[in-house]
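A.B. asks: Generate a structure from the sequence data that follows.
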Amino acid sequence: MSTEMQNEAEIFRGTTSGATSLRDRRSVQGTPKAGMPAFVLGEELARLAERDPRIVVGTADLASANRTNDFRAAHPERFFNFGIAEKNMITAAAGMAACGMIPYVATFASFASILGAEQIRTDCAYPRMPVRIIGTHSGMSMGFYGSSHHALEDLGMLRTVADLTVCCATDANHLRALLRASVDHPGAMYLRLGRGRDPEVYPEVPELEIGRAIRLREGHDLTLIATGSQVRAGLDAAAALATEGVSVRVVDMHTISPLDRQEVAAAARETGAILTLEEHNITGGLGSAVAEVLVDLPRCPFLRHGVPDRFVEVGPPAALYAAYRLDAAGITEIARDFLAGLR
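C.D. replies: The predicted model follows:
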């Protein structure tokens, strides 16, 4: 394993937290808790593999960081470490799929999407191979590693690939549900995860259908359509706005492609205003996908909220979320100002 990845594994296991400044480079990036998404990845895949001999798992020298080492411990003969060779890993996975296997290959989201884009498109999506590419440590969750490791373009790049399903896990139980649903899902799939520190949204493994959003909270003044880490932040913002008499619907749009157009249309029709939330570049991701639906519908006030179209600073993820108003407090302010402008 490379020195960088060894360091990443140590940081991922965590020591202390509490950094508040973008410039405080001495601060570590927080302590993950058991049960968060990246921690259950290998464990859940190992369970699925007990029942399905077609499942194999690969990684690009990141078995500790993405916890696919839990799968390796249970099924060493079905685990493949390709080294730091993401393109080769995805092409090999396509070959395995062509031989009847269901490969799950995991690496950092920034590497899976940018380095592996050609292989995902040509080797997996075009021939509709059942390859599951798992991009971990998405968004700004890599903090101090900087723009080479921040994954803020992956949804925009990959949702335009035909016959590629693109999903985002919300928390540990939601990831379990997506993995279970993915086994027999037709064609190729990109599954986006955080770094394993996402707070709980689903106390139990939810019933879900790929391509169908989950409505988590009802409301009639505004709909927050969120994905990934922003679902929990959106729920907390909705609760804060409720104390001000604002009724907010919250939708977990876990599938970015194909998007649940009916849920978007229902939000426009029933609440009359939509705010999208994503830990992703404001261009090309969830907000853009929702806008493409709304342009064909009667007018509905709409606002996208995400990371500005720029390379972001380095720093602790929590400080970055606050700086870009992707925490509950920031979203509450954004929503309040948005609604005030409609009066």
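A.B. asks: rest of the way, CA atoms for contacts and neighbours
C.D. replies: Fine.
A.B. asks: do you know how far Leu62 is from Gly139?
C.D. replies: 18 Å (Cα to Cα, to the nearest Å).
A.B. asks: quick one, which of the two is more surrounded?
C.D. replies: When Leu62 and Gly139 are compared for neighbours, Gly139 comes out ahead with 27 against 24, by other Cα atoms under 10 Å.
A.B. asks: Tell me how far that one lies from Arg128.
C.D. replies: Gly139 is 27 Å from Arg128, by Cα to Cα.
A.B. asks: for Leu45, same thing?
C.D. replies: 21 Å.
A.B. asks: what residues are up against the residue sitting furthest away from the middle of the chain?
C.D. replies: Here the chain reaches farthest from its C-alpha mean at Arg343, the gap being 33.9 Å by Cα atoms, centre = their mean. Listed by Cα atoms under 8 Å, 6 or more residues apart in numbering, the contact set of Arg343 is empty.
A.B. asks: Just the strands from this protein, written as ranges.
C.D. replies: Here the chain has its strands, by DSSP state E, at 55-59, 79-81, 102-108, 132-136, 164-168, 188-192, 214-217, 222-226, 248-252, 255-257, 274-281, 302-307.
A.B. asks: Now those in TSV, please, with extra columns for distance to Ala177 and mean pLDDT.
C.D. replies: Formatted as TSV, the strands of the chain follow (distance: least, Cα to Cα, whole Å; pLDDT from 0 to 100):
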stretch	distance to Ala177	mean pLDDT
strand 55-59	16	98
strand 79-81	22	98
strand 102-108	15	98
strand 132-136	14	98
strand 164-168	11	99
strand 188-192	12	99
strand 214-217	12	99
strand 222-226	18	99
strand 248-252	14	99
strand 255-257	13	99
strand 274-281	21	98
strand 302-307	26	98
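A.B. asks: Between the ones you listed, which one is closest to Pro317.
C.D. replies: strand 274-281 (11.0 Å; Cα to Cα).
A.B. asks: between that closest one and strand 302-307, how big is the angle?
C.D. replies: If you take axes from the mean of the first three to the mean of the last three Cα atoms, to 10 degrees, strand 274-281 sits at 20 degrees to strand 302-307.
A.B. asks: same for strand 274-281, what does it pack against?
C.D. replies: strand 222-226, helix 230-242, helix 286-294, strand 302-307 (3 or more Cα pairs under 8 Å, 6 or more residues apart in numbering; DSSP states H and E).
A.B. asks: I'm done for today, thanks for sticking with me.
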